[in-house]
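>>> mind folding the following:
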Amino acid sequence: MVCLCFLWHMHQPFYKNLITGEYRLPWTRLHALKDYYGMVRILEEFPDMRQTFNLVPSMMVQVDEYARGVAADPFLQCALKPAEELSEADVAFLLNNSFHANPERLIYRYPRYGELHDAWQASHADAGRARRFFGPRALRDLQVLSQVAWFDEEFLTGDPGVRALVEKGRDFTSEDQALAGRKQREIMGLVLPAYRRLAAAGQIEISTTPYYHPILPLLCDSDIAGVSRPGATLPSRFRHPEDARRQLEMARDFISQDLGAAPAGLWPSEGSVSDEAFTLAAECGFRWAATDNGVLGRTLGRVAGVEETYRPYQWSQNGRALHVIFRDHFLSDLIGFVYSKMGAAEAAADFLDRIRHNCHSILASGRDALVPIILDGENAWEHFEQNGRPFLRELYGRISRDPEMTSCTVSEALVRIPSQPLDHIFPGSWINANFDVWIGAEEDNQAWEHLHNARKAYEAAAAAAAPGPAVPPESLALAYEEILIAEGSDWCWWYGPEHNTFQRADFDRLYRDHLANVYRALGLSPPEELSRPILKSAVQTIYRQPSGLVRAVIDGEVSSYFEWLGAGLYRTDERSGSMHGGRFLVRELRFGSDGERLYLRFDFTGQDLAGTEIRLHVQDALARFRFAQGAVRVVEAAASGIECQYRNVLEIAMPLDGLGAGSGAPVRFQLSLWQDGLPMDAIPPYGWLAISTSPGDWEA
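Numbers count the residues shown, from 1 in each chain. Next up, the predicted model:
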């Protein structure tokens with residue numbers, strides 16, 4: 001039997017400033033409106049599906065505050081304020097924070113929201129310029145739609161009030177605005193009860209993560225990063241296993257009290273593990289933990305195949321023991337990054353076919369196969385049609401009908417399938433089996449130095465060694481709470497070269513605010529260094545229109561600096577966002593025209609392109625190109641006369657008259673790259689690139 005173990009990890013950073021009480025970012029609320037509720041609620045349609053949900057306590061505490069109406073969220077307050085009463089500062093805040101959603105799936109799903117987005121883009125995201133378009137009527141429509149777009153599908157179609165808002169579409173009233181606010185609190189109030197209900201029924205198992213989502217091995221000893229990355233440049237040694245233990249104990253207490261039973265399972269933050277972290281987890285009462293099969297490979301000293309991955313293990317050292325499962329990295333990432341680009345039935349069929357293929361030899365040997373699918377339960381779905389609900393229904397339905405498959409919680413699988421012994425675990429995370437995302441880069445190390453200094457200040461105050469009167473116990477408790485928050489992994493997720501977001505500066509400031517609050521709680525002045533950003537620079541996508549004619553020689557080489565001098569440029573920021581693991585094959589694309597042909601030049605990232613297919617849509621025509629044996633060939637021509645060559649770069653020339661675009665007419669195009677029948681990259685991620693083919697435009 002194939003035992004599918006889905007573990008959905010539900011997590012957001014702690015956005016609340018404990019001293020001011022204000023929520024600095026709205027993401028816990030927005031994801032709760034659709035993902036935290038909808039992901040567990042959909043299981044009630046499939047009573048045979050059993051899954052594990054990993055809930056991070058610091059996120060659920062925020063959900064509870066929203067449900068009780070006590071969360072001070074300036075983003076929500078601005079969305080609910082009468083449009084006529086918005087100050088210019090309010091308008092700028094609203095405009096700058098209302099379009100941070102997937103354009104294709106969330107924004108353009110609502111025509112009026114799409115119109116407002118277009119107007120914002122036309123203003124070059126400048127609130128002053130946009131003010132000419134955004135009067136009270138447009139602002140109120142934006143206030144309502146920027147909230148409704150995040151509602152779960154159940155409410156968009158099944159709640160009469162919300163459905164009426166969707167059907168109305170525009171010209172909202174203050175009553176509509178108030179309704180959107182009331183419905184948000186109503187949905188927030190359904191989240192925790194939904195988990196309690198399904199956990200009590202036995203359909204789900206609830207596991208957890210250390211309370212504020214820290215990287216446990218680095219709290220125990222930050223120098224362990226040098227084991228997984230020898231020679232790494234590391235900050236001053238941070239060694240506080242007592243903090244790691246406290247984060248684990250707080251998490252168990254929260255789940256026990258708020259969700260009805262002590263958790264057996266632990267998803268250590270970012271799948272980060274070490275022998276010391278496992279020892280603490282076992283001592284705190286956890287019976288199983290999960291991480292990535294990349295860690296399993298480094299533990300075994302070889303690449304972990306499906307035979308090794310599709311079974312449980314039992315780690316034991318010095319009288320402590322813990323069951324461990326290792327996620328199928330490839331299959332989990334297909335859900336997170338690839339299947340959103342495919343149809344629901346096509347994606348579900350591909351996923352299960354791959355599982356059947358992987359499990360064939362295991363089942364033939366007479367043993368059951370445990371298939372651990374572990375991934376983020378929230379961030380992927382805004383990239384799917386209807387928040388991923390068609391895909392999940394298709395997937396769950398097929399699993400429920402398959403007599404050779406069953407879904408089970410992790411604890412159920414551990415009873416069913418014997419565990420193999422492990423005498424140690426390699427220290428690493430689910431990302432490359434190391435800790436590079438959180439430590440070692442200049443920004444990361446500076447963040448750790450700030451944390452180290454704040455922790456020392458707290459220790460001195462707690463030992464009554466600081467000058468001046470003793471710090472009151474409640475102030476010491478507040479300072480320690482801020483230390484625990486600052487130990488969370490999310491701050492260093494955005495430091496360093498790996499990830500990017502338009503809100504990196506907000507995360508930077510919030511991290512430094514938490515550390516400053518440590519000193520404030522202790523009656524000390526925060527160090528001046530906390531007033532300065534840790535961030536050094538930001539990398540962004542570059543999109544530039546052509547500035548002149550392009551007449552390239554199609555030879556796969558940059559034979560002359562001048563042949564692409566007037567070309568347009570699209571260069572992608574290769575850093576991931578809130579989810580890690582997307583693949584980028586194209587480093588930059590240059591494009592242009594001589595009025596008769598469209599020219600494209602691809603510079604690749606250096607990954608193996610064998611078997612890769614480029615699907616290029618120009619106007620309504622499709623051309624397909626496939627790489628094989630270091631060359632490229634046309635496998636489907638949109639028009640006659642296409643030229644292409646690949647050596648150091650890929651160059652393509654296409655005649656405009658065969659593409660339905662005459663000389664001088666604007667041309668729009670988009671492309672996607674596929675490997676093994678799966679979409680891996682797209683330019684642009686959403687929508688089209690467009691250029692003029694009129695030489696007169698460039699001359700002007």
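
>>> okay, buried residues for the longest helix out of those in the chain please.
Selection of the longest helix in the chain by residue count, based on DSSP state H, yields helix 174-200. Of all the residues in helix 174-200, those buried under the rule 16 or more other C-beta atoms under 10 Å are 176-177, 179-181, 183-184, 187-192, 194-195, 198-199. Where C-beta positions appear, they are placed from N, C-alpha and C, glycine not excepted.

>>> and for stretch 419-438?
419, 422, 425-438.

>>> repeat for stretch 230-248
Neighbour-count burial for stretch 230-248 [16+ other C-beta under 10 Å]: 232, 234-235, 238, 240-241, 243-248.

>>> for it, what is the distance to the chain centroid?
The chain centroid and the centroid of stretch 230-248 are separated by 25 Å under C-alpha atoms, centre = their mean, to the nearest Å.

>>> give me the nearest residue to residue 433, chain neighbours excluded.
residue 294 (4.1 Å; C-beta to C-beta, 6 or more residues apart in numbering).

>>> pretty sure the one you found contacts residue 330?
No. The pair residue 294 / residue 330 is not scored as a contact, 10.4 Å apart, by C-beta atoms under 8 Å.

>>> so those two - more neighbours on which side?
residue 294 (22 against 13; other C-beta atoms under 10 Å).

>>> who's in contact with that one?
The contact partners of residue 294, by C-beta atoms under 8 Å, 6 or more residues apart in numbering, come to 304, 329, 428, 430, 432-433.

>>> farthest pair within the residues you listed?
304 and 432 (14.0 Å; C-beta to C-beta).

>>> and stretch 19-31, average pLDDT?
The predicted model assigns stretch 19-31 a mean pLDDT of 93.

>>> which residues touch that stretch?
Counting by C-beta under 8 Å, 6+ apart, 12-13, 15-17, 59, 62-63, 66, 71-76, 97, 150, 184, 188, 378-379, 478, 503, 506-507, 509-510, 513, 517, 520-521 sit against stretch 19-31.

>>> which parts of it are buried?
23-31.

>>> ok, which pair from these is furthest apart?
Going by C-beta to C-beta, the pair spanning the buried residues of stretch 19-31 furthest: 24 and 31, at 15.6 Å.

>>> gap between residue 188 and residue 136?
28 Å (C-beta to C-beta, to the nearest Å).

>>> what's the closest of the buried residues of stretch 419-438 to residue 163?
Nearest member of the buried residues of stretch 419-438 to residue 163, counting by C-beta to C-beta, is residue 430, at 39.3 Å.

>>> can you check the pLDDT for the closest residue to residue 320 other than its chain neighbours?
Nearest residue to residue 320 in three dimensions, chain neighbours excluded: residue 282, at 4.0 Å (C-beta to C-beta, 6+ apart). Residue 282 is assigned a pLDDT of 98 by the prediction.

>>> next up, the contacts around residue 282.
320-322.

>>> now tabulate these in TSV and tack on neighbour count, distance to residue 471 and pLDDT.
Converted to TSV, these look like this (neighbours: other C-beta atoms under 10 Å; distance: C-beta to C-beta, whole Å; pLDDT from 0 to 100):
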residue	neighbour count	distance to residue 471	pLDDT
320	14	36	97
321	15	41	98
322	23	38	98
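
>>> pick out whichever of those sits closest to residue 558.
When the contacts of residue 282 are compared for distance to residue 558 (C-beta to C-beta), residue 322 wins out at 54.8 Å.

>>> narrow the contacts of stretch 19-31 to just the buried residues.
12-13, 15-17, 59, 62-63, 66, 71, 73, 75-76, 97, 150, 184, 188, 378-379, 478, 503, 507, 509-510, 513, 517, 520-521.

>>> now, which of those residues lie within helices?
Short answer: the buried ones among the contacts of stretch 19-31 in helices (DSSP H) are 59, 62-63, 66, 75-76, 97, 184, 188, 478, 507, 509-510, 513, 517, 520-521.

>>> residue 289 and residue 243: what is the separation?
18 Å.

>>> can you check residue 476 too?
Distance from residue 476 to residue 243, by C-beta to C-beta: 15 Å.

>>> and if you look at residue 292?
For residue 292, the distance to residue 243 - C-beta to C-beta - is 24 Å.

>>> what does residue 461 give?
Separation of residue 461 from residue 243 (C-beta to C-beta) stands at 16 Å.

>>> and if you look at residue 133?
50 Å.

>>> so where's the stretch 401-550 of the chain uncertain?
465-469, 537-541 (pLDDT under 70).

>>> try 90 this time
Residues of the stretch 401-550 of the chain meeting the criterion pLDDT under 90: 463-471, 493-506, 509, 525-533, 535-550.

>>> and the strands in it?
405-407, 420-422, 542-544 (DSSP state E, counting those that start in this stretch).

>>> which of the ones you listed sits closest to residue 554?
For the strands of the stretch 401-550 of the chain, proximity to residue 554 was assessed by C-beta to C-beta; strand 542-544 is nearest, at 22.1 Å.

>>> would you confirm that residue 117 contacts residue 102?
No. The pair residue 117 / residue 102 is not scored as a contact, 11.1 Å apart, by C-beta under 8 Å.

>>> quick one: residue 622 is in a strand?
Yes. The assignment for residue 622 is a strand, going by DSSP: H, G, I helix; E, B strand; the rest coil.

>>> quick one: it from residue 654, how far?
With C-beta to C-beta as the criterion, residue 622 and residue 654 are 12 Å apart.

>>> got any residues that touch both of those two?
Common contacts of residue 622 and residue 654 (C-beta under 8 Å, 6+ apart): residue 638.

>>> who has more neighbours out of the two?
Legend: neighbour count by other C-beta under 10 Å for residue 622 and residue 654, higher for residue 654 (26 against 12).

>>> before we move on, what SS does that one have?
strand.

>>> now it, nearest residue through space, not along the chain?
In this structure, residue 654 finds its nearest non-sequential neighbour in residue 598, 4.8 Å apart by C-beta to C-beta, 6+ apart.
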